[in-house]
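Trainee: dropping the sequence and predicted coords here.
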Amino acid sequence: MAYLKRVDLSRDYAAHRSEFDEAIKKVCEETAFSGGTYADRFDREFAEFVGTQYASGVNNGTSALHCAMLALGVGEGDEVIVPANTYIATAWGVTYTGATPVFADCTSDTWEISPASVEKLITPRTKGIIGVHLYGQPFDFASIKEIADRHGLFVVEDCAQAHGAKFEGRSVGSLGELGCFSFYPGKNLYSFGEGGSVTCNSEEYYKHINRLKNQGCDVRYYHDEIGYNYRLEGIQGAVLSVGLKYLPEWTRRRQEIGKRYLNEITNPLFTMQKHPDNTTPVFHLFVVEVPDHNHFIQYMADADVECNMHYPVPCHLQKAYAKLGYKKGDCPNAEYLAEHCVDLPLFPEMTDGEVEMVIALCNAYKG
Ligand SMILES: *Cc1c(COP(=O)(O)O)cnc(C)c1O
């Protein structure tokens, strides 16, 4: 078989090429390039998909997180608790405002933000918590929300890996004060470039985010606050509207592959992520723990299968945050995962034959 990439977007484009091309052409013909008709239409469709009153499209997921922090009034001197086991952008949004991210450990079984760890980190400076629905698996929103309510904190959801995932039957992005999405290529719903969105039910937050992303103005050339150029491009809005139609189908296929991996990889060298019964995961990444992940990645590469680590360095130990003074041992579960994690190829257009090959390779692995 040919080399199997972790994610192969070219198959998706080949399958829906005429629709994508037609959507892009329309934007060009109408020169609706920045914001405009197609970006606005996608906002309405995406809000409906998530089940919120509003969605505000932005230029990427990192900007979505930055806008969310600004809309919630986070700034210098404040602390926001974020998981150590996530993509670094979860923390950037906090840092950009001048506030300090405080890193919480993950649980040892779901690998999601640990409520017990969060509880210990709350100080008089804490303003809120950003939970991440990591690898497409919803975090324990009920427990995090209970802690937040008890201390008067906000909860923001980082949904960059979890479009359409559900916690107790409710879509992620509709649970906390604000939901932040990324449409980076390879995410469950993706643009042909960069894109993101902030979802909410508050008109006040929605209007504020619209202003922040649009250079701080409601009326052109009148700038009421310091703003940013974080608008969603029209072409991305049009492409995302096409993708959104297929997202339920893509999600079903991801879930089918995820369940096969869970059921059919029986090699005891692998530890799987736990998926609690009150959640519906969407399998953005299929991450497992193995004793020696570098060895396993090489083993798979020798069989022409690409695997990778998510993430090799937990946020609290990244050089960029050295001045915060964290050390090894501060978030032991996240550190253990970083030293043992590996992801298996998982994307909707994988053939059954490819899925079976990955399963067979995993089961034949001797360590
Ligand atoms: C991808 C991702 C982001 C950042 O999104 P961009 O669109 O790349 O800026 C933030 N958080 C998580 C968890 C992500 O996976």
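Mentor: Nice, I can see it.

Trainee: what residues are up against the residue in the chain that the ligand sits nearest to?
Mentor: Taking Cβ to the nearest ligand atom, the ligand has its nearest neighbour within the chain at residue 61, 2.5 Å off. All C-beta spots, glycine's among them, are computed from the backbone N, C-alpha and C. Applying Cβ atoms under 8 Å, 6 or more residues apart in numbering, we find residue 61 in contact with 89, 158, 160, 180-184, 187, 196.

Trainee: helices along the stretch 1-150 of the chain, start to end?
Mentor: 10-30, 36-50, 61-71, 89-96, 115-121, 141-151 (DSSP state H, counting those that start in this stretch).

Trainee: quick one on the thing from earlier: return the residues in contact with the nearest residue to the residue of the chain closest to the ligand once chain neighbours are set aside.
Mentor: Leaving out its chain neighbours, the residue that sits closest to residue 61 by Cβ to Cβ, 6 or more residues apart in numbering is residue 182, at 2.5 Å. Taking Cβ under 8 Å, 6+ apart as the contact definition, residue 182 lies against 60-62, 64, 89, 160, 195-196.

Trainee: mind redoing it with 7 Å?
Mentor: Going by Cβ atoms under 7 Å, 6 or more residues apart in numbering, residue 182 touches 60-61, 64, 160, 196.

Trainee: quick one: pLDDT of it?
Mentor: Per-residue confidence (pLDDT) for residue 182: 98.

Trainee: what residues are bridge-paired with it?
Mentor: Note on residue 182: beta-bridge partners residue 196, judged by DSSP bridges.

Trainee: next, the contact list for the most centrally placed residue in the chain, please.
Mentor: For the chain, the residue lying nearest the average C-alpha position, counting by Cα atoms, centre = their mean, turns out to be residue 160 (2.0 Å). For residue 160, the contact set (Cβ under 7 Å, 6+ apart) comprises 61, 180-182, 187.

Trainee: could you point out which element follows the top helix by length along the chain?
Mentor: Secondary structure of the chain per DSSP state H: the longest helix is helix 234-264. Later in the chain than helix 234-264, the nearest helix or strand by DSSP states H and E is strand 271-272.

Trainee: quick check: mean pLDDT of that next one?
Mentor: The pLDDT scores in strand 271-272 average 98.

Trainee: what does stretch 45-56 give?
Mentor: Confidence for stretch 45-56, expressed as mean pLDDT, is 98.

Trainee: same deal with stretch 207-218?
Mentor: Stretch 207-218 comes out at a mean pLDDT of 97.

Trainee: same check, this time on stretch 7-26
Mentor: 96.

Trainee: so residue 157 is in which element?
Mentor: strand 154-158.

Trainee: from the contact counts, what lies against that strand?
Mentor: Contact here means 3 or more Cβ pairs under 7 Å, 6 or more residues apart in numbering; DSSP states H and E; on that basis strand 154-158 packs against strand 126-132, helix 141-151, strand 178-182.

Trainee: sheet partners, orientation included, of that strand?
Mentor: Counting by DSSP bridges, strand 154-158 is paired with strand 126-132 (parallel), strand 178-182 (parallel).

Trainee: which parts of the stretch 201-350 of the chain sit against the ligand?
Mentor: Counting by Cβ under 6 Å from any ligand atom, the stretch 201-350 of the chain comes close to the ligand at no residue.

Trainee: the strands in the stretch 201-350 of the chain, which residues?
Mentor: Counting by DSSP state E, counting those that start in this stretch, the stretch 201-350 of the chain has strands at residues 217-219, 222-223, 271-272, 279-280, 286-289, 341-344.
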